[in-house]
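1. only geometry, no sequence info:
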Ligand SMILES: O=C(O)C1=C[C@@H](OP(=O)(O)O)[C@@H](O)[C@H](O)C1
Ligand SMILES: C=C(OP(=O)(O)O)C(=O)O
């Protein structure tokens, strides 16, 4: 448990740890490459450690060095070996869904299983398209969830799959299987989801193209590939982690915080647009780009916020930040409507339910809906006991709420933040004493 109270202004600067999505992919693509992949600013969070563990079980030598340096000794696209036991994917949906695409094409059988949360998340969304490609993948309990059993095959077919959801995990799973297919594989999605897989696979030597239509839908295609090649990867700071410090600086009066090295890839940076729509004072400094991934330092000053509408094309660009946006909305003047975000129900928790429950406990006025929530802001929030139900994003969003609320807040099972941000509470404390 961690106890938090009303905070002094946040001042100074903070450097955000590496991006979780990019860290996962750097291990996976490095493992499938010829030669060595050297990664800097890697995120040593529990989810990425699950990915490392899985590839070690499949014979990949991965050296964990100091300060976010990681060396992956790739064995090529056909160099993985059969794991001795089931692959433990922990709490990580990204690990599960992306690895499934890879395992579908390996010459061995594997079983993937995670914690209770992971084993209740929907896997039909990858089972269906991978099966259409010729993969042999099944939910062992028959409920569409992990544990998954995958009997790898060397005869995957290229397909065109129309994904009903804008999900980077679904898209990536299919594209990774497509590396091994007998022809071109295409995925369409209603809106382009985070595009790290496409950017990174191109860098590693695959042939990937993206077309965006006038209605914003996207078609991503990949050609079969013979070999990927090890790369040097510098992982930008995770905007999903930066979100908590952006919000804390906005909410705690008198704050002025420089948040350094934040990934601002447009398929991820929707939170910045929402903050600006709400009246936030955020200045971009030192904008750069490397390997197609933009970064910037963000100077954030406390601001009085007003309600907004968060919907449509914006949703995939901020899906993991919605718990934090809901908290910002509770402190803003007026009403905020979040819609088109039914995906929140299939994350580590049903985040519509866990946000509603905890915000209500703090004195917030929130109505859950089928695909989001309506938050009537401006009510004074007070400390209480927060139950994140082991969901890292809920624990962090409500820790920030505590800094701007009266009284004492207890965050139960607060170590769940280690899933994506192991140093979160230490960083928060260093800025708020
Ligand atoms: O591909 C990724 O790295 C991720 C994609 C998103 O999930 P979906 O693909 O299910 O939307 C996101 O919520 C998750 O935290 C990471
Ligand atoms: C949904 C998340 O991750 P994953 O799907 O990889 O478990 C997240 O980090 O908020």
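-> Here it is on my side, so go on. Because the structure is a prediction, the values reported are computed rather than measured. Ligands and ions are numbered 1, 2, ... in the order given.
2. Show the pLDDT at residue 432.
-> pLDDT for residue 432: 82.
3. For the closest residue to residue 195 other than its chain neighbours, give me its contacts.
-> Leaving out its chain neighbours, the residue that sits closest to residue 195 by C-beta to C-beta, 6 or more residues apart in numbering is residue 267, at 5.0 Å. Bear in mind the C-beta positions are built from the backbone N, C-alpha and C, glycine included. Contact analysis of residue 267 by C-beta atoms under 8 Å, 6 or more residues apart in numbering lists 192, 193, 194, 195, 316, 317.
4. Surely the first one and residue 166 touch.
-> Yes: if you go by C-beta atoms under 8 Å, residue 192 and residue 166 touch, sitting 7.2 Å apart.
5. okay, and the common contacts of the two?
-> Jointly contacting residue 192 and residue 166 under the rule C-beta under 8 Å, 6+ apart are residue 316.
6. what about the residue nearest to residue 195, is that helix, strand or coil?
-> Assigned with DSSP: H, G, I helix; E, B strand; the rest coil, residue 267 falls in the coil class.
7. Could you measure from it over to residue 194?
-> From residue 267 over to residue 194 the distance is 5 Å, taken as C-beta to C-beta, to the nearest Å.
8. re earlier: quick one: the residue nearest to residue 195 from residue 117, how far?
-> Taken as C-beta to C-beta, the span from residue 267 to residue 117 is 25 Å.
9. okay, now the spatially closest residue to residue 144 that is not a sequence neighbour: neighbour count?
-> Nearest non-adjacent residue to residue 144, counting by C-beta to C-beta, 6+ apart: residue 124, 4.1 Å away. Around residue 124 there are 12 other residues, counting by other C-beta atoms under 10 Å.
10. Ok, residue 157 next?
-> For residue 157, the neighbour count with other C-beta under 10 Å is 14.
11. so what pLDDT did the residue nearest to residue 195 get?
-> 98.
12. which element is residue 329 on?
-> helix 322-331 (DSSP states H and E).
13. Does at least one residue of that helix sit close to ligand 1?
-> No: using C-beta under 6 Å from any ligand atom, helix 322-331 stays clear of ligand 1, coming no nearer than 9.9 Å.
14. Next secondary structure element downstream of that helix?
-> Per DSSP H and E, the first helix or strand lying C-terminal to helix 322-331 is strand 335-338.
15. Okay, now the sheet partners of that next one, with direction.
-> In the sheet, strand 335-338 lines up against strand 309-310 (parallel), strand 372-376 (antiparallel) (DSSP bridges).
16. Which stretch among those is buried most, on average?
-> Ranked by mean neighbour count, the strands paired with strand 335-338 are led by strand 372-376 with a mean of 22 (mean count of other C-beta atoms under 10 Å).
17. And the contacts of that one?
-> 307, 310-311, 322, 326, 329-330, 334-342, 344, 352, 355-356, 359, 364-367.
18. Show me just the buried residues among those.
-> Buried subset of the contacts of strand 372-376 (neighbour count, 16 or more other C-beta atoms under 10 Å): 307, 310, 322, 326, 329-330, 335-341, 344, 352, 355-356, 359, 364, 366.
19. Against ligand 2, how distant is residue 31?
-> 18 Å (C-beta to the nearest ligand atom, to the nearest Å).
20. Use 57 as the first number for this chain going forward.
-> With the count now opening at 57, the last piece we talked about shows up as residue 87.
21. ok, that residue - contacts?
-> Applying C-beta under 8 Å, 6+ apart to residue 87 gives the contacts 111, 114, 116, 118, 128, 130, 131, 136.
22. how many neighbours does the single nearest residue of the stretch 107-256 of the chain relative to ligand 2 have?
-> Nearest residue of the stretch 107-256 of the chain to ligand 2, counting by C-beta to the nearest ligand atom: residue 149, 2.8 Å away. By the measure other C-beta under 10 Å, the count of residues near residue 149 is 21.
23. Do I have it right that it meets residue 174?
-> Yes: contact between residue 149 and residue 174 holds when scored by C-beta under 8 Å: they sit 6.7 Å apart.
24. Mind listing the shared neighbours of these two?
-> Counting by C-beta under 8 Å, 6+ apart, nothing touches both residue 149 and residue 174.
25. did I read that right, residue 187 in a strand?
-> No: using three-state DSSP, the assignment for residue 187 is helix, not a strand.
26. where's residue 119, which helix or strand?
-> Element membership of residue 119 [criterion: DSSP H and E] is strand 117-120.
27. and residue 78, what does it touch?
-> 252, 256, 289, 291, 292, 319, 349 are the contacts of residue 78 under C-beta under 8 Å, 6+ apart.
28. Next up, phi/psi of the fourth one, please.
-> Reported as degrees, to the nearest 10, the phi and psi values for residue 291 are phi -80, psi 120.
29. Let me see the confidence value for it.
-> 97.
30. That one touches residue 83, doesn't it?
-> No: in this structure, residue 291 is not within contact of residue 83 by C-beta under 8 Å, at 10.7 Å.
31. Common neighbours of those two, please.
-> Contact criterion C-beta under 8 Å, 6+ apart; residues shared by residue 291 and residue 83: residue 95.
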